[in-house]
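[1] what's the 3D shape of this:
(one chain, ligands or ions: 2)
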Amino acid sequence: MEGGDHLAHERKKAQFDVEAMKIVWAGSRHAFEVSDRISKLVASDPAFRKDNRPMLSRKELFKNTLRKAAYAWKRIIELRLSEEEASKLRFYVDEPAFTDLHWGMFLPAIKGQGTEEQQQKWLPLAYKMQIIGCYAQTELGHGSNSSKWWPGGLGKISTHAVVYARLITDGQDHGVHGFIVQLRSLDDHSPLPGITVGDIGMKFGNGAYNTMDNGVLRFDHVRIPRDQMLMKVSQVSREGKYSQSNVPRQLVYGTMVFVRQTIVADASCALSRAVCIATRYSAVRRQFGSQNGGPETQVIDYKTQQSRLFPLLASAYAFRFVGEWLKWLYTDVTQRLQANDFSTLPEAHACTAGLKSLTTAATADGIEECRKLCGGHGYLCSSGLPELFAVYVPACTYEGDNTVLLLQVARFLVKTLSQLGSGKQPVGTTAYMGQVEHLMQCHCNVQKAEDWLKPAVILEAFEARSARMSVACAKNLSKFTNPEEGFAELSGDLVEAAIAHCQLIIVSKFIEKLQQDIPGKGVKQQLGVLCNIYALFLLHKHQGDFLSTGCITPKQAYLANEQLRALYSQARPNAIALVDAFNYTDHYLGSILGCYDGNVYPKLYEAAWKDPLNDSVVPDGYREYIWPMLKQQLRTARL
Ligand SMILES: CCCCC/C=C\C/C=C\C/C=C\CCC(=O)SCCNC(=O)CCNC(=O)[C@H](O)C(C)(C)COP(=O)(O)OP(=O)(O)OC[C@H]1O[C@@H](n2cnc3c(N)ncnc32)[C@H](O)[C@@H]1OP(=O)(O)O
Ligand SMILES: Cc1cc2nc3c(=O)[nH]c(=O)nc-3n(C[C@H](O)[C@H](O)[C@H](O)COP(=O)(O)OP(=O)(O)OC[C@H]3O[C@@H](n4cnc5c(N)ncnc54)[C@H](O)[C@@H]3O)c2cc1C
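    Ligands and ions are numbered 1, 2, ... in the order given. Reported below is the predicted structural model:
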C-alpha cells in the first residue's frame with residue numbers, strides 16, 4: 001500500500017475525543033494553540049532541518065547549531081514572539097544549544113539571586129542577547145577551587161557566566177556564592193586577561209549533545225567587581241564587611257529548584273516522543289501468528305509488546321501531570337519566598353530533586369526500551385531513537401546525579417519523621433506521614449482483581465509502603481551513635497525509601513488530576529485506564545517492597561497483575577489515538593518509524609539511498625585497501 005494513511009484503521013478504533021485529549025496534554029487550549037502553531041512554523045522552515053546531524057563532523061555540527069540559533073533569534077524578533085512563543089520555538093528546533101543555558105539558567109540565576117539593582121543592570125542586556133551567559137557550578141575535581149568543567153555554552157560562546165565560588169573576606173570562608181563574571185571580550189570574543197576557557201571535547205553519540213559547547217574555565221588573578229556578587233541572599237559592603245539577609249542560605253541553590261522542575265516537564269516530552277515512535281511502529285509492523293490465512297499479527301497485539309509499551313505510555317501521561325503540579329508548587333513557593341515565607345522551601349527542594357531523579361531515570365530507560373520495541377530498525381539513526389537517547393541520558397546526571405538527589409529526599413523524609421515526635425504535623429506531600437500509626441498496621445482490602453481499580457485502595461497501598469520503608473530506615477538509623485555514619489551505611493535503603501515516596505507523589509497527582517473536570521467524550525475514562533496502568537505496573541515491578549513490608553499479600557499481588565492485563569486490553573484500541581494526542585509534527589519526532597501516516601517501509605528504503613556512503617557504487621578506500629586484498633587472495637588461491 002503506497003501513500004495514504006496506513007494507520008487510519010487504528011485511528012478509527014479510538015473510543016475518545018482525540019482533539020479534547022490534545023488540550024488536556026498541552027495543559028490548556030491556549031497552550032495547545034501556541035504549541036501547535038509554533039511547531040508547524042518550525043517544521044515548515046527548511047532552515048531548521050535536522051535529519052543530517054549524525055553525518056556532520058563536530059565543527060560542522062557546531063557551526064550549524066550557531067546558524068540555527070541566530071536564525072531562530074531573527075525569527076523571534078521578526079515575528080515579535082512572546083517569551084512563551086520564543087521558548088516553544090527553541091523547544092521545537094530541538095537542538096541543544098548555548099541558548100538553553102542562557103535562558104534556562106543564567107537569566108533565572110540573576111532573577112533569583114540578584115538584587116533589584118543587579119537585575120535592572122543585567123537582565124535587559126541578557127534579554128536582548130547583548131550578552132550571552134552560562135551557569136558555572138561544577139568542578140573538574142572535588143572542591144570549589146580546581147577548574148570549572150561541564151558548563152554548557154561556556155566552551156565557545158558565552159560572554160558571561162554566573163560562577164559559583166567560595167567567598168573569603170578577612171580570611172574568613174563564607175561558603176559558596178554566585179558571581180557574574182565577564183569571560184570574553186564583547187568586541188572580538190577573545191578571553192579576558194587571566195581567563196582560560198575552551199570546550200571539554202566530544203560526548204556520547206554522534207550529533208546528539210555535541211551541538212553543545214560544554215566548557216572548561218580557569219581563573220588566574222581575575223578580579224570580580226564587588227557589585228557582581230549576586231547579593232540578594234548575602235552582601236559584602238564597600239568596606240569588605242559580610243552580612244546576610246534574613247533569608248535561608250539555601251536560596252543560593254534556587255536556580256536548581258527551578259531547572260529541576262523544568263526537567264520533570266521535559267521528561268514527559270522526551271518519553272512521549274519515544275513512545276509515539278514505538279507505538280506507531282508497533283501498529284505498522286506485522287509478524288507471524290495470523291490464523292486462517294488472515295493478515296499477519298501487528299506486533300502491538302502481542303501481550304509482551306503491550307506489557308513493555310503501555311506502562312511507558314502511561315508514564316508519559318503521569319509525568320505530564322506531575323510536571324504540571326510541580327510547576328504549580330514552584331510558583332507557589334516563589335510567591336511565598338517573596339512574602340518572606342520560607343516554610344515550603346524544603347518540600348519544594350525534596351519534590352523537585354526526587355521527581356527529577358525518578359522521571360529522568362524512567363525516561364532514559366524508557367527511550368532505550370522503545371528502541372528495542374522497534375526491533376532492528378530502532379537501531380537506525382533514521383528511527384530517531386539513538387539520538388534521542390544520547391541527548392536525553394545525561395539528564396540522569398546533570399542538575400544533580402540521580403542518586404545524590406534521592407539522598408537529599410531521604411534526608412527530608414527522615415527529618416519529617418523525627419519531627420512527628422515533637423507534634424509537628426506534616427503537610428503537603430508528606431501529610432500521609434501524619435497517619436503513620438494507621439499506615440504501619442493497615443491491611444489492603446483487595447479481594448478480587450477489580451478492587452485494584454479503586455483510587456483509595458491504590459493510594460493506601462502506596463502510602464503504607466512508603467511510610468513503612470521510611471520508618472524502617474529511621475529505626476535502623478537510631479541504632480547508630482553517629483547519625484552521619486548511619487546515613488552512609490544505610491544509604492542504599494534510604495534511596496529505596498525515597499523512590500517509594502516519589503512514586504507515591506506521581507500516583508497521587510495522577511489520581512488528583514482525574515478528580516478535576518475533564519471535558520471531551522471518553523477522555524477521562526482513557527486517563528483513568530492509564531492512571532491504573534501506571535500504578536499497577538509500579539506495584540507489579542516493586543512487588544518485593546509491597547510484600548516484604550506486609551502492605552499486600554501474594555494473592556493481592558497476583559490479582560494486581562491480572563487487573564493489569566485487563567487494562568492493557570482496554571488501552572489497545574486507543575493506543576494510536578493516545579499518542580496522536582501529543583500532537584507532534586513529523587519534524588519534531590524526527591523518525592521514519594514514527595511518522596504520522598505510518599508509511600514506514602518505502603521511507604526507510606528511500607532514506608538508505610540518501611546515506612553519503614551510497615553516493616558512489618564503489619566506496620572510497622576500495623582501490624586502496626580491498627582490491628589489493630582480493631588480488632592477494634586470488635594469487636594465494638592459485639598457488
Ligand atoms: C525554560 C526552559 C528551561 C530549560 C532548562 C535549561 C537547561 C536545562 C537543560 C539542560 C541542563 C543542562 C545543564 C545542567 C546544568 C547543571 O548541571 S548545573 C550544576 C548542578 N549541580 C548540582 O545539581 C549539584 C548537586 N548537588 C547538590 O544539589 C548539593 O545539594 C549542593 C547544592 C551542591 C549542596 O551540597 P552541600 O553543601 O553538601 O549541602 P547539602 O547537600 O548537605 O545541603 C544542605 C542543606 O541545603 C538543602 N538544600 C540543598 N540543595 C537545595 C536546593 N536546591 N534548594 C533548597 N535547599 C537545598 C539540603 O536539603 C540541606 O538542608 P538541611 O535542612 O540542612 O538538611
Ligand atoms: C551534559 C551535561 C551538561 C552539564 N551542564 C552543566 C552546566 O551547565 N553547569 C554546571 O555547573 N554543571 C553542568 N554539568 C555537570 C553536572 O551538574 C554534574 O556532572 C552533576 O551534578 C554530577 O556531578 P559529578 O559529575 O561531580 O558526579 P560525581 O559526584 O562525581 O558522581 C560520581 C558517582 O558518585 C556517586 N556519588 C557522588 N556523591 C555521592 C554521595 N554523596 N553519596 C553517594 N554517592 C555519591 C554518584 O551517584 C555517581 O555514581 C553537566 C553535566 C553533563 C553530563
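[2] Would you mind listing what in the stretch 1-150 of the chain touches ligand 2?
    Within the stretch 1-150 of the chain, the positions adjacent to ligand 2 are Leu101, Tyr135, Ala136, Gln137, Thr138, Trp150 by C-beta under 6 Å from any ligand atom. Any C-beta I mention is one placed from the backbone N, CA and C, and that applies to glycine too.
[3] tell me, what residue is most central in the chain?
    What sits nearest the mean C-alpha location of the chain, by C-alpha atoms, centre = their mean, is Ala267, with 3.0 Å.
[4] residue contacts, that residue?
    By C-beta atoms under 8 Å, 6 or more residues apart in numbering, the contact set of Ala267 is Phe319, Gly323, Thr359, Thr360, Ala362, Thr363, Ala395.
[5] 10 Å - rerun?
    315-316, 319-320, 322-323, 355-356, 358-364, 366, 392, 395 (C-beta atoms under 10 Å, 6 or more residues apart in numbering).
[6] quick one: average pLDDT of stretch 371-386?
    Taken as a whole, stretch 371-386 carries a mean pLDDT of 98.
[7] buried stuff in that stretch?
    Neighbour counts over stretch 371-386 (16 or more other C-beta atoms under 10 Å) mark Arg371, Leu373, Cys374, His377, Gly378, Leu380, Cys381, Ser382, Ser383, Gly384, Leu385, Pro386 as buried.
[8] Give me the nearest residue to the fifth one, chain neighbours excluded.
    Once its chain neighbours are removed from consideration, Gly378 has its nearest residue in Arg371; the separation is 4.0 Å (C-beta to C-beta, 6 or more residues apart in numbering).
[9] that older thread, so which of the residues of the stretch 1-150 of the chain next to ligand 2 sit within strands?
    Judged by DSSP state E, those include Tyr135, Ala136 as members of strands.
[10] Widest-spaced pair of the buried residues of stretch 371-386?
    Leu373 and Cys381 (17.1 Å; C-beta to C-beta).
[11] Quantify the burial of Gly423 by counting its neighbouring residues.
    Gly423 is flanked by 6 other residues according to other C-beta atoms under 10 Å.
[12] hang on, I meant Ser282
    Residues lying near Ser282 (other C-beta under 10 Å) number 24.
[13] Same check on Arg90?
    Residues near Arg90, counting by other C-beta under 10 Å: 21.
[14] What of Phe319?
    Using other C-beta under 10 Å, Phe319 is surrounded by 31 other residues.
[15] what's the closest of the residues of the stretch 1-150 of the chain next to ligand 2 to Val42?
    Within those, the smallest distance to Val42 is 20.5 Å, found for Leu101 (C-beta to C-beta).
[16] Please verify my assumption that that closest one contacts Leu107.
    Yes: counting by C-beta atoms under 10 Å, Leu101 sits close enough to Leu107 to count as a contact (9.5 Å).
[17] ok, which stretches of the stretch 401-550 of the chain are helices?
    Secondary structure of the stretch 401-550 of the chain (DSSP state H, counting those that start in this stretch): helices located at 402-420, 436-441, 455-477, 483-489, 491-514, 523-541, 543-548.
[18] Quick check: buried residues in the longest one?
    What that stands for is helix 491-514. Using 16+ other C-beta under 10 Å as the test for burial, helix 491-514 gives 493-511, 513-514.
[19] what do you get for the fourth one?
    By neighbour count, with 16+ other C-beta under 10 Å as the criterion, the buried positions of helix 483-489 are Gly486, Phe487.
[20] any residue of it up close to ligand 2?
    No: judged by C-beta under 6 Å from any ligand atom, helix 483-489 stays clear of ligand 2, getting no closer than 7.7 Å.
[21] How about the contacts made by the closest residue to Gly178 other than its chain neighbours?
    Nearest residue to Gly178, sequence neighbours excluded (C-beta to C-beta, 6+ apart): Leu230, at 4.1 Å. Leu230 makes contact with 109-110, 112-115, 118-119, 122, 162, 164, 177-180, 252 under the criterion C-beta under 10 Å, 6+ apart.
[22] Kindly recompute the last result at 7 Å.
    Residues in contact with Leu230 (C-beta atoms under 7 Å, 6 or more residues apart in numbering) are Gln113, Gly114, Gln118, Gly178, Phe179, Ile180.
[23] Select from those every entry located in strands.
    Members of the contacts of Leu230 lying in strands (criterion: DSSP E): Gly178, Phe179, Ile180.
[24] out of the residues of the stretch 1-150 of the chain next to ligand 2, which is most surrounded?
    Most surrounded of these: other C-beta under 10 Å gives Ala136, at 31 neighbours.
[25] List the beta-bridge partners for that one.
    Beta-bridge partners recorded for Ala136 (DSSP bridges): Val163.
[26] Who are the contact partners of it?
    Residues in contact with Ala136 (C-beta under 7 Å, 6+ apart) are Lys148, Pro151, Leu154, Ala161, Val162, Val163, Tyr164, Leu217.
[27] Let me know the secondary structure of the third one.
    Assigned with DSSP: H, G, I helix; E, B strand; the rest coil, Leu154 falls in the coil class.
[28] So what's the residue count around the closest residue to it other than its chain neighbours?
    Using C-beta to C-beta, 6+ apart and skipping residues adjacent in sequence, the residue nearest Leu154 is Gly215, 3.1 Å away. Gly215: 26 surrounding residues under other C-beta under 10 Å.
[29] Over to Leu326?
    By other C-beta under 10 Å, 25 other residues sit near Leu326.
[30] what's the closest non-adjacent residue to Pro426?
    Met433 (4.6 Å).
[31] Quick check: pLDDT value at Thr636.
    pLDDT at Thr636 comes out at 64.
[32] hang on, I meant Gln287
    85.
[33] do the one 10 residues further on as well
    At Thr297, the pLDDT value in this model is 89.
[34] how close does it sit to Glu399?
    Using C-beta to C-beta, to the nearest Å, Thr297 is found at 43 Å from Glu399.
[35] okay, these two: which has more neighbours?
    Using other C-beta under 10 Å as the criterion, Thr297 and Glu399 rank with Glu399 on top: 23 against 16.
[36] Which secondary structure state is assigned to that one?
    Secondary structure state of Glu399, per three-state DSSP, is coil.
[37] Now that it has come up, it's in contact with Gln261, right?
    No: the criterion here is C-beta atoms under 7 Å, and Glu399 misses it with Gln261 at 10.1 Å.
[38] My guess is Ile518 contacts Ile23. True?
    No: look at Ile518 against Ile23 with C-beta under 7 Å: they stay out of range, at 9.6 Å.
[39] Centre of the chain to the longest helix belonging to the chain, how far?
    In the chain, assigned by DSSP state H, the helix with the most residues is helix 303-338. Centroid displacement of helix 303-338 relative to its chain, using C-alpha atoms, centre = their mean, to the nearest Å, is 10 Å.
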